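> model the structure of this input:
(chains A and B)
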Amino acid sequence: DTGVSQDPRHKITKRGQNVTFRCDPISEHNRLYWYRQTLGQGPEFLTYFQNEAQLEKSRLLSDRFSAERPKGSFSTLEIQRTEQGDSAMYLCASSLGGRQLSTDTQYFGPGTRLTVL
Amino acid sequence: GQSLEQPSEVTAVEGAIVQINCTYQTSGFYGLSWYQQHDGGAPTFLSYNGLDGLEETGRFSSFLSRSDSYGYLLLQELQMKDSASYFCVQAAGNKLTFGGGTRVLVKP
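I've put the predicted structure just below:
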């Protein structure tokens, strides 16, 4: 399977715990994105990497959230001291970046569903 | 700021035509994309408009008017499998913004 993969697919945690999600993009894709989606809403942009550089981070993202893409391949998203409001689907997408972000076709992974009790 | 407005829900019968409008308000606008998402699935790319006019891809077409800050997705010859949520997406600078989505329900 050469699509975007995410691990785990489901995560249940208690409030206050830390969680880490992994995303493996399509191998030749240089851009990687993280989104959060709650039921009935569109995906909310969290952050974006071009290769290993984190070029944009949403102002909505609190300091409890951090993302890395150390070698420009897979990426991790960590949430520290989870809160019930963090419960959502966390989506990863990748693209083969052109000159402008807007022209990219993003390929989404299946998502990680986080439930914070 | 950046925001996109699209209707929350549309219902139509098989074989019909549905138009989903999207208005945007942003500076540094580059273009408008459309994505489809079935319940429980991941969003998948449908179409992109960087210039004014109509882009046609099979039964789906997308239109952009920069002067009106407006675009639409046209679904023709609706099929049951088209029941899904449809999102308009804009890029401005290094940030991507999805609209709230339009849920399309196709009835027999």
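
> tell me which element the residue nearest to the spatial centre of chain A falls in.
In chain A, the centroid-proximal residue (Cα atoms, centre = their mean) is A:W34; its distance is 2.7 Å. For A:W34, the host element (DSSP states H and E) is strand A:31-37.

> now A:L91
Secondary structure from DSSP H and E places A:L91 in strand A:88-95.

> counting contacts, what elements does that strand pack onto?
Using 3 or more Cβ pairs under 8 Å, 6 or more residues apart in numbering or on different chains; DSSP states H and E as the contact test, the elements touching strand A:88-95 are strand A:5-7, strand A:19-24, strand A:31-37, strand A:75-79, strand A:107-108, strand A:112-116. In short, each C-beta sits where N, CA and C put it, glycine included.

> repeat that with 7 Å
strand A:31-37, strand A:107-108, strand A:112-116 (3 or more Cβ pairs under 7 Å, 6 or more residues apart in numbering or on different chains; DSSP states H and E).

> tell me the most buried of those strands?
Most buried of these, by mean neighbour count (mean count of other Cβ atoms under 10 Å in any protein chain shown): strand A:31-37, with a mean of 24.

> quick one: average pLDDT of that strand?
Averaging pLDDT along strand A:31-37 gives 95.

> just stretch A:49-62 next, same as before
86.

> still on that earlier bit, may I have the strands that pair with the strand holding A:L91, each with its orientation?
strand A:31-37 (antiparallel), strand A:107-108 (antiparallel), strand A:112-116 (antiparallel) (DSSP bridges).

> any idea of the angle it forms with strand A:75-79?
160 degrees (axes from the mean of the first three to the mean of the last three Cα atoms, to 10 degrees).

> how close does A:T20 sit to chain B?
For A:T20, the distance to chain B equals 20 Å [Cβ to the nearest Cβ, to the nearest Å].

> picking that back up, what's the closest of the strands paired with strand A:88-95 to B:L32?
strand A:31-37 (17.2 Å; Cβ to Cβ).

> neighbouring contacts of the closest one?
Residues outside strand A:31-37 that contact it (Cβ atoms under 7 Å, 6 or more residues apart in numbering or on different chains): A:23, A:25, A:43-50, A:67, A:69, A:75, A:77, A:88-95, A:97, A:104, A:106.

> after it comes which helix or strand?
strand A:44-50.

> could you give the angle of the next helix or strand after that next one to strand A:44-50?
Using DSSP H and E, the helix or strand that follows strand A:44-50 in sequence is strand A:53-57. Taking the same axes, to 10 degrees, one finds strand A:53-57 and strand A:44-50 inclined to each other by 160 degrees.

> residues near A:Y90, how many?
23 (other Cβ atoms under 10 Å in any protein chain shown).

> please apply the same query to A:L96.
Neighbour count of A:L96, defined by other Cβ under 10 Å: 13.

> by mean pLDDT, which helix or strand of the chain comes out lowest?
Let's take chain A. The weakest-scoring helix or strand in chain A, judged by mean pLDDT, DSSP states H and E, is strand A:53-57 (a mean of 87).

> chain B, not that one
strand B:95-98 (a mean of 84).

> before I go, just wanted to say thanks for your time.
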